[in-house]
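Undergrad: sequence first, then the predicted structure, then my questions.
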Amino acid sequence: MKALIQIVLCLLVETSLYAQTTTVKLEILKAAFDADSVSFLDQFVQDWMNKTPMIQPSELQRLDDTLRSLYSLYFDFMHAHREELDSSLNIVQNALDFRLVTSFEDSDEPNGPFSRVHDFRPRLPHPANYIVYIDTEYATILSHFLLQENGQVPPLLRDEAKTRHQFLSHRLVLPEGHWGNYWLLSTAPSISLVQIDRRLTSAIIHYNDGDYSWWVAKVKKTRRGKWIIDQERLIGIQ
């Protein structure tokens with residue numbers, strides 16, 4: 001049976017990455033699991049990395065000042081939280097909400113409207129050597145593979161879901177959710193909003209630390225162009 005699955009996997013994987021539909025990618029992952037094939041899991045991850053490669057310096061230079069500042073801010077913020085990163089593979093958000101402000105809103109949960117950086121592909125500091133970006137497609141694939149329905153795994157499917165999660169853990173770090181019946185699909189911390197002043201010298205970052213707590217960080221830009229955390233404040237715990 002495993003030999004047959006291996007043959008099917010080879011045929012699926014040889015299909016052009018851009019010709020693969022979401023359904024095909026999910027079937028590749030399921031077949032890799034059924035065959036207990038870490039090598040094909042590696043291929044799944046590599047295809048994911050190829051789809052959304054890390055932004056290159058030449059691409060950054062073509063962005064406007066605001067977007068370049070957001071990329072720089074993200075990197076420096078994650079550098080301050082580098083102890084939470086994984087040395088193998090990190091799953092990073094693929095979009096970033098932000099708002100340009102004249103003065104900062106004194107609220108833990110500011111209202112919209114917000115702008116969004118789509119196709120957000122930031123670098124991460126050491127020790128995060130490998131990155132994949134969690135877009136809608138791959139969030140759907142992982143959720144379906146882990147048998148998550150509306151963000152949770154039904155009680156009768158949890159043993160099977162844990163076995164599937166154990167297989168993914170060969171390459172992907174997916175922390176367990178707070179209540180133990182689902183998994184997070186991105187590496188902490190995850191930024192929900194950046195309020196940044198129009199001079200691009202100070203900002204307020206709203207983020208969650210895994211699945212348990214929500215924070216607000218005030219950051220400022222130094223004369224050397226680095227963003228440093230001036231203050232962090234816990235605003236909620238689950």
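TA: Structure received. Numbering: from 1, shown residues only.
Undergrad: what sits up against the lengthiest helix in the chain?
TA: When the chain is parsed with DSSP state H, its longest helix is helix 65-80. Helix 65-80 is contacted by residues 55, 60, 63, 85, 96, 98, 100, 117, 122-125, 128, 189, 191, 194, 196, 200, 203, 205, 217, 219, 221, 225-229 when judged by Cβ atoms under 8 Å, 6 or more residues apart in numbering. Any C-beta I mention is one placed from the backbone N, CA and C, and that applies to glycine too.
Undergrad: domain parsing for the chain?
TA: What the record gives for the chain is the domain set 1-51, 55-238, from automatic domain parsing.
Undergrad: let's have those domains in TSV, adding mean pLDDT and mean neighbour count.
TA: Shown next, in TSV, are these (pLDDT from 0 to 100; neighbours: other Cβ atoms under 10 Å):
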stretch	mean pLDDT	mean neighbour count
domain 1-51	77	15
domain 55-238	90	16
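Undergrad: residue ranges for the helices of this protein, please.
TA: 2-13, 22-34, 38-51, 57-61, 65-80, 136-145, 158-168.
Undergrad: out of those, which is closest to E176?
TA: Among the helices of the chain, the nearest to E176 by Cβ to Cβ is helix 158-168 (8.2 Å).
Undergrad: by contact count, what packs against that closest one?
TA: helix 22-34, helix 136-145 (3 or more Cβ pairs under 8 Å, 6 or more residues apart in numbering; DSSP states H and E).
Undergrad: now do the last one against helix 22-34, angle only.
TA: Read it as helix 136-145. 40 degrees (axes from the mean of the first three to the mean of the last three Cα atoms, to 10 degrees).
Undergrad: which strands or helices does helix 136-145 pack on?
TA: Identification of packing neighbours for helix 136-145 by 3+ Cβ pairs under 8 Å, 6+ apart yields helix 22-34, helix 158-168.
Undergrad: the inter-axis angle of the first one versus helix 158-168?
TA: Same thing as helix 22-34. Taking the same axes, to 10 degrees, one finds helix 22-34 and helix 158-168 inclined to each other by 90 degrees.
Undergrad: what residue lies at the spatial centre of this protein?
TA: Residue closest to the mean C-alpha point of the chain, counted by Cα atoms, centre = their mean, is V92 at 2.3 Å.
Undergrad: correct me, but that residue touches Y138?
TA: No. Using Cβ atoms under 8 Å as the test, V92 is too far from Y138 to be in contact (11.3 Å).
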